[in-house]
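[1] coords below, sequence missing:
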């Protein structure tokens, strides 16, 4: 292993802890959005909801500003997550449709 | 405001809380990586570190599997963050160079 300055090793240990927290929080977020996918499929609601997303962007940009995160990055981050979520919702909806077709 | 099923409103309230947590943790991660950027610039280390990134990917994929997050998504997520971090590190390095040029 290459020798690195002690202060860099210290910072990386913090980053590794933060990343573990992020992975676990993201896992919980996706558990929650999977549930949303099933609710939407049952109520026949569209996978994407541009109005809801607009509100989320506005709120997260404000929270980003307050916490010192670049609001442009916060918005990009939300889109990154939401793109994945919508893909899951479409899969779930497709699954419901296939099941209902199988019962015909 | 459009009427939505109560269970969808409940899930969205949880998602909003999770997103606030994510924004604050990300803000702290970038505070930490800004510090790393200054350390690297002082020690004249390159902004990117492919070996470190490889270790991070391996660890995060394992954590993702354990927590029920798609490991492919965890890897995409890390690349998304690291791309932004490297951009910051390059800016910081450039800042150090400009300052040292100004002193000549």
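    Cool, got the structure. Model, not experiment: these values are computed from the prediction.
[2] What is the host helix or strand of residue A:42 packed up against?
    Residue A:42 is part of helix A:6-43, with elements assigned from DSSP states H and E. Helices and strands touching helix A:6-43, by 3 or more CB pairs under 8 Å, 6 or more residues apart in numbering or on different chains; DSSP states H and E, are helix A:71-102, helix B:6-42, helix B:50-67, helix B:71-102. All C-beta atoms are positioned from the backbone trio N, CA, C, and that covers glycine.
[3] Just the buried residues of it, please?
    Across helix A:6-43, burial judged by 16 or more other CB atoms under 10 Å in any protein chain shown covers A:8, A:11-12, A:14-15, A:18-19, A:21-30, A:32-41.
[4] and residue A:96, how many neighbours?
    The number of residues packed near residue A:96 is 15, by other CB atoms under 10 Å in any protein chain shown.
[5] Please name the nearest non-neighbouring residue to it.
    Counting by CB to CB, 6 or more residues apart in numbering or on different chains, residue A:41 is the residue found nearest to residue A:96 once chain neighbours are left out, at 4.3 Å.
[6] got the contact list for the one you found?
    The contact partners of residue A:41, by CB atoms under 8 Å, 6 or more residues apart in numbering or on different chains, come to A:89, A:92-93, A:95-96.
[7] go on, residue A:86?
    Residue A:86 touches A:47-48, counting by CB under 8 Å, 6+ apart.
[8] where's it relative to chain B, distance?
    Here the criterion is CB to the nearest CB, to the nearest Å. By it, residue A:86 lies 13 Å from chain B.
[9] and stretch A:13-21, how far out from the chain's middle?
    Its chain's average C-alpha position is 18 Å from that of stretch A:13-21, according to CA atoms, centre = their mean, to the nearest Å.
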